[in-house]
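*Asks:* After the sequence you'll find the predicted model.
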Amino acid sequence: MNQTPASRLPPAIEAAVRRLKLDTRRAAERAVNSLGVSALASANVFQREHMLGAQFELNRKLAVFCNSFDGRLDQRIERELLRHAGGSAAALSDTNWDALSLVDNHEVELQVSAERFGLQITKECEAEQRELEGLVGSVLHGLDEAPRNPLRPEVIGNAILHSVDEVTDRDELRKVLVDELGRSLAASMAETYAAIVAELRAAGLQPLPPSLRSSERGF
């Protein structure tokens, strides 16, 4: 698994990214196992076939999925920070979702799906995410513009969806994988965020005051 986070990241964020990568790999491994169990329990022949097919592909390409996720997450996080640190418009045009004419339909669909994926995760870790936002805000405070939390579920979801595309091009298997990975991550993300929060606090970080967060983040 690629453990190298994106360049230009503050050390505290680098450590958080490494944990996200490791925990996402574990979530993918759990998804392989749970797909097999769900397939055996399914009475629907087609559903069982799709689950077994998705399990086979994810197990076979687990390393491909994880390496793709690592790279995609690095790219997304770095772009999130560059967007608020004077990055050139040309370098960031493909992640400016207000200028939809600059991206193709597939990317737009992926972003919409990533937001939906992120909401699924957020439901299970709202308190932990709020605490993390304050600490990450204190790390990134002072950039030219106030950044959104680059570790938010939507960013993770975008990397997941791109990486599923590397596992299979069959729509029915892709849907099964996205659903199962979403469940697996939702079940563990509260623990992941809580561990990151603990590490940031252990490093001496204090959360950004609520007044600054509410005026800056636009979450």
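*Replies:* Yep, it's here. Not measured: the values here are computed from a predicted model. Numbers count the residues shown, from 1 in each chain.
*Asks:* Return the distance of Cys66 relative to Leu73.
*Replies:* According to Cβ to Cβ, to the nearest Å, Cys66 stands 11 Å off from Leu73. For every residue, glycine as well, the C-beta is placed using N, CA and C.
*Asks:* quick one: which of those two has more around it?
*Replies:* Using other Cβ atoms under 10 Å as the criterion, Cys66 and Leu73 rank with Leu73 on top: 26 against 19.
*Asks:* pretty sure that one contacts Arg18?
*Replies:* No - if you go by Cβ atoms under 8 Å, Leu73 and Arg18 don't touch, sitting 10.4 Å apart.
*Asks:* CA atoms only for stretch 174-182, dumped as PDB, please.
*Replies:* These are the backbone C-alpha positions of stretch 174-182, laid out as PDB (Å, rounded to 0.1, in the frame of the first residue of the first chain):
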ATOM      1  CA  ARG A 174     -19.600  -1.400  -9.200                       C
ATOM      2  CA  LYS A 175     -22.900  -0.600  -7.400                       C
ATOM      3  CA  VAL A 176     -22.500  -3.600  -5.100                       C
ATOM      4  CA  LEU A 177     -18.900  -2.600  -4.300                       C
ATOM      5  CA  VAL A 178     -19.800   1.100  -3.600                       C
ATOM      6  CA  ASP A 179     -22.700   0.000  -1.300                       C
ATOM      7  CA  GLU A 180     -20.600  -2.500   0.600                       C
ATOM      8  CA  LEU A 181     -17.600  -0.200   1.000                       C
ATOM      9  CA  GLY A 182     -19.900   2.600   2.100                       C
END
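*Asks:* quick one: buried residues of that stretch?
*Replies:* Under the neighbour-count criterion of 16 or more other Cβ atoms under 10 Å, stretch 174-182 has Arg174, Val176, Leu177, Val178, Asp179, Glu180, Leu181, Gly182 buried.
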